[in-house]
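Chemist: what's the 3D shape of this:
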Amino acid sequence: MYNFVTHNFNKIIDIRIFLKDITLVLLAAGSSTRFGASSKKQWLYQDDKPLWLTVADNFADAFCFADIVIVSSADEIGYMRQFANYTYVAGGNSRQESLSNALIEVNTSYVLVNDIARCCLDREMIDRILSKQSQADCIIPTLKAVDTVYLGGIPVDRDDIKLIQTPQLSNTEKLKEALSSDSVFTDESSAIQAMGGDILFVEGSSRAHKLTTKADIDKVPCLEAPSSQMLVGFGIDIHPFEDDKEMKLCGVTIDSSFGFKAHSDGDVAIHALIDALMGAAGMGDIGELFPDTDETYAGADSVVLLERVVEQIYSYGLEIVNTDMTILAQTPRLLHYKGRMKHKMAETLRIAPNRVNIKATTAEKLGFVGRKEGVTVHAVATLKYFDWSR
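Modeler: Numbering: from 1, shown residues only. As a prediction, the model looks like this:
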């Protein structure tokens, strides 16, 4: 059971609920293919917070759970840890597999499971769920059908129809047992009901509408427009020359008898740009994402690496605004390559060419660059939050 303290301020009730025997699981591992945007819906920014973090923090502010477990794609977990210190679990190929992975981390008697896509927290509805905690194996919020309903061409009594929502509160052991079968279930209640467990319906909430497609945005009242602030990152990279190797800069082949000594193809300009982009997004650096100790990246095409970074940035609810780089090279001369380099980078970054600026200069014969031993590149990148509200 749970304990709560109530404070009444101008008829606004603030309830702090302590749930020592309940773990909250938030499911955010979906690919968002039905949403139809470059950003995954769990990464739609609310002011300066991604949606998954907004939901997690709202639950944490209202309820004291034993633990909060966030299920996400495995390749997003490292980035999520930069935002908040929750428990993160890699999801699977289905909602059921993702939930099963999360349950491995659950040690409490009960588990409250919510889809991040149901992002508006209705505390009164959740209180109705929690108040029935010991009365069934699964407590489910539902809505009544208000329209005429047909099943296979035959009208059915809409009073018999229940529209299932989350969060759902389940007995942990019963849920683990139910999900261990080979059957496929779309939610916790259907899994527990299939194994003969007790389920109990409580009144749901229209605020708990699920964000599935862009059309649902207007039906989700708690969404807040993203911040207009800009994010700036800086990158620098240095590579010495290596004889008898093809030279690439910004993905363009340079006419030269030598290239760059590096684990990958050595495109020093792209490497600096990747660091600038990752810096602006708070994603770390190129060495963390593509370590030179990994043979997978031996001789790798740097354009492909940049494409992967760009794809991540857009899927994380960010957009590239512009980039600027300065190439310090005593040799080779780059004047006649800059136009091609600009257009190659614009295409890869998914921005207009006028938003890509490339400068080239010598080192006035000073230092290792001046001695024609290598090249240094400085890059700056600016990002903004994807404005889904438009």
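Chemist: What segments of the stretch 101-250 of the chain are strands?
Modeler: 110-115, 138-144, 149-151, 154-156, 162-164, 168-171, 199-203, 230-243, 247-249 (DSSP state E, counting those that start in this stretch).
Chemist: need these in a markdown table with mean neighbour count, mean pLDDT and distance to I104, can you?
Modeler: (Glycine included, C-beta is placed from N, CA and C.) Shown next, in a markdown table, are the strands of the stretch 101-250 of the chain (neighbours: other C-beta atoms under 10 Å; pLDDT from 0 to 100; distance: least, C-beta to C-beta, whole Å):
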| stretch | mean neighbour count | mean pLDDT | distance to I104 |
| --- | --- | --- | --- |
| strand 110-115 | 25 | 97 | 12 |
| strand 138-144 | 21 | 97 | 19 |
| strand 149-151 | 10 | 93 | 37 |
| strand 154-156 | 10 | 94 | 39 |
| strand 162-164 | 14 | 95 | 25 |
| strand 168-171 | 25 | 98 | 15 |
| strand 199-203 | 16 | 97 | 24 |
| strand 230-243 | 16 | 97 | 35 |
| strand 247-249 | 24 | 96 | 45 |
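Chemist: from the middle of its chain, how far away would stretch 193-206 be?
Modeler: Here stretch 193-206 shows a centroid-to-chain-centroid distance of 30 Å under the convention C-alpha atoms, centre = their mean, to the nearest Å.
Chemist: rewinding a little: want to throw the strands of the stretch 101-250 of the chain into CSV with distance to G30?
Modeler: Below are the strands of the stretch 101-250 of the chain laid out as CSV (distance: least, C-beta to C-beta, whole Å):
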stretch, distance to G30
strand 110-115, 8
strand 138-144, 20
strand 149-151, 27
strand 154-156, 30
strand 162-164, 17
strand 168-171, 17
strand 199-203, 24
strand 230-243, 25
strand 247-249, 37
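Chemist: List the residue ranges of the stretch 51-200 of the chain that fall below the pLDDT cut-off.
Modeler: Counting by pLDDT under 70, the stretch 51-200 of the chain has no low-confidence residues at all.
Chemist: what do you get for the stretch 201-350 of the chain?
Modeler: By pLDDT under 70, the stretch 201-350 of the chain contains no weakly predicted segment.
Chemist: can you tell me how far the residue nearest to Y314 when sequence neighbours are not counted sits from T376?
Modeler: Excluding the flanking residues, the one nearest Y314 by C-beta to C-beta, 6 or more residues apart in numbering is S38, at 4.2 Å. Taking C-beta to C-beta, to the nearest Å as the measure, S38 and T376 are separated by 33 Å.
Chemist: Also T148?
Modeler: 70 Å.
Chemist: so what's the residue nearest to Y314 scoring on pLDDT?
Modeler: On pLDDT, S38 comes in at 83.
Chemist: ok, it touching Q312?
Modeler: No - if you go by C-beta atoms under 8 Å, S38 and Q312 don't touch, sitting 11.1 Å apart.
Chemist: Can you tell me, leaving aside adjacent residues, what's nearest to S100?
Modeler: Nearest one to S100, counting by C-beta to C-beta, 6+ apart, is L179 at 5.1 Å.
Chemist: Now do the contacts for the one you found.
Modeler: The contact partners of L179, by C-beta atoms under 8 Å, 6 or more residues apart in numbering, come to 96, 99-100, 103, 185, 191.
Chemist: T148 and T376: which is more packed in?
Modeler: Between T148 and T376, counted using other C-beta atoms under 10 Å, the more crowded position is T376 (18 against 8).
Chemist: so the more buried one makes contact with V369?
Modeler: Yes - using C-beta under 8 Å, T376 makes contact with V369 at a distance of 5.8 Å.
Chemist: and for the two, which residues touch both?
Modeler: Taking C-beta under 8 Å, 6+ apart as the contact rule, T376 and V369 both touch L328.
Chemist: tell me, what's touching S38 and Q312 both at once?
Modeler: Common neighbours of S38 and Q312 (C-beta under 8 Å, 6+ apart) do not exist.
Chemist: Apart from its neighbours in sequence, what residue is nearest Y337?
Modeler: With C-beta to C-beta, 6+ apart, the residue lying closest to Y337 is V252, at 5.6 Å.
Chemist: Give the bridge partners for that neighbour, please.
Modeler: L249 (DSSP bridges).
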